[in-house]
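S.K.: Below is the structure, and that's it, no one-letter string:
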């Protein structure tokens, strides 16, 4: 399991804690205001604010302490240092950092508005929370001899959280949202001979060791199958929305990679010292997509619980046909892409 995978898991745990705290706060809501579940407080609500702040601090502490003991303690530590990983994974991990920072800031910002904090203050709290989470983990990287503090990671953490805050300050809404989609590629099972021994392996085995095989790893770690999207709502940019245009239709541009079997190259050494190189026909390349999408949060509903569900679904890009242009010079139409 990679560090980025653990960070993503912690982000989803934060979402779960925030949803759980809503239930806990509702149980004692009657002490101040009669509010329905998931209904935003019209004014400052001290019960919700207190429980939310306690939940965020608990999630922050659990994330930092949990990762320190469960992950970093297993690797040597040393003096704080920097690490240049700018050219690793063809920027796919950087896109993941941006998406993680975006959702951490959005979830916290939305929940503080739910607690009755004025919109602008809640937005800055959300931005600060996202930056605090990601910077703290980057500091832990800085003391690990296995990694180091990455300015590249910090740049994309800031881009993600800043994308949330910037849109709130400019438009008071999220017109452009970061989303993801993923699938399991069909990896080759043809044998690959080691250059220094008689050992063999396959690209399927290499991908399994790098990206895992479980369902959570598919969403958090499968770089060759992931696409990170910027999904823009069309109607929100129109002064007068055309009657024929649904308010929830988005246009999405995506970024993905393919045939990547190492951080910097497609050569690797296993635990036995066997050296392998992917066949020359498998050269890493990048993919750029154009597609349609749905902004679930713009679908009108009277059910507040459904709005919460729509907020969760908005993490994922809806499968649609897509046009792909890649750095190998290829142009492809994908009838179904996720």
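M.R.: Nice, thanks for sending it over. Values in this document were obtained by computation on a predicted structure and should not be read as measured data.

S.K.: What residue spans form the domains of the protein?
M.R.: Listed domain ranges for the chain are 1-174, 175-338 (source: automatic domain parsing).

S.K.: Please identify the most buried of those.
M.R.: Greatest average neighbour count among the domains of the chain goes to domain 1-174 (a mean of 18), per mean count of other CB atoms under 10 Å. From N, CA and C alone the C-beta is placed, and that goes for glycine too.

S.K.: now residue 194, nearest residue through space, not along the chain?
M.R.: The shortest distance from residue 194 to any residue other than its chain neighbours is 4.0 Å, reached at residue 274 (CB to CB, 6 or more residues apart in numbering).

S.K.: Would you confirm that that neighbour contacts residue 196?
M.R.: Yes: shown here, residue 274 and residue 196 form a contact pair, counting by CB atoms under 8 Å, at 6.6 Å.

S.K.: residue contacts, the most far-flung residue of the chain relative to its centre?
M.R.: Most distant from the centre of the chain: residue 198, at 40.3 Å, with distances by CA atoms, centre = their mean. The contact partners of residue 198, taken as CB atoms under 8 Å, 6 or more residues apart in numbering, number zero.

S.K.: So it, which state does it fall into?
M.R.: Each residue gets one of three states, and residue 198 gets coil by DSSP: H, G, I helix; E, B strand; the rest coil.

S.K.: Over to residue 91?
M.R.: Here residue 91 is helix, with the state taken from three-state DSSP.

S.K.: still on that earlier bit, distance of the residue farthest from the centre of the chain relative to residue 270?
M.R.: Taking CB to CB, to the nearest Å as the measure, residue 198 falls 13 Å from residue 270.

S.K.: before we move on, what about residue 55?
M.R.: Counting by CB to CB, the gap from residue 55 to residue 270 is 43 Å.

S.K.: Ok, residue 167 next?
M.R.: Distance, residue 167 to residue 270, using CB to CB: 45 Å.

S.K.: Next: residue 158.
M.R.: Distance, residue 158 to residue 270, using CB to CB: 37 Å.

S.K.: likewise residue 42?
M.R.: The value you get for residue 42 to residue 270, if CB to CB is used, is 60 Å.

S.K.: all strands of the stretch 101-250 of the chain, in order?
M.R.: 176-182, 192-193, 200-201, 226-233, 249-258 (DSSP state E, counting those that start in this stretch).

S.K.: can you redo these as TSV with mean pLDDT?
M.R.: Compiled in TSV, these are given as follows (pLDDT from 0 to 100):
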stretch	mean pLDDT
strand 176-182	96
strand 192-193	96
strand 200-201	96
strand 226-233	97
strand 249-258	98
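
S.K.: Rebuild those strands as CSV, extending it with distance to residue 309.
M.R.: Below are the strands of the stretch 101-250 of the chain laid out as CSV (distance: least, CB to CB, whole Å):
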stretch, distance to residue 309
strand 176-182, 16
strand 192-193, 45
strand 200-201, 43
strand 226-233, 18
strand 249-258, 18
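
S.K.: So which of the ones you listed is nearest residue 307?
M.R.: With CB to CB as the measure, strand 176-182 is the member of these nearest residue 307 (15.1 Å).

S.K.: orientation of that closest one relative to strand 249-258 in degrees?
M.R.: Orientation of strand 176-182 against strand 249-258 (axes from the mean of the first three to the mean of the last three CA atoms, to 10 degrees) gives an angle of 50 degrees.

S.K.: mind checking how far strand 176-182 is from the chain centre?
M.R.: Put simply, strand 176-182 sits 8 Å off its chain's centre (CA atoms, centre = their mean, to the nearest Å).

S.K.: other SSEs contacting it?
M.R.: The elements that strand 176-182 packs onto, with contact taken as 3 or more CB pairs under 8 Å, 6 or more residues apart in numbering; DSSP states H and E, are helix 92-114, helix 151-171, helix 215-220, strand 226-233, strand 249-258.

S.K.: mean pLDDT for the ones you listed: which is lowest?
M.R.: For the helices and strands packed on strand 176-182, mean pLDDT drops lowest on helix 215-220, to a mean of 84.
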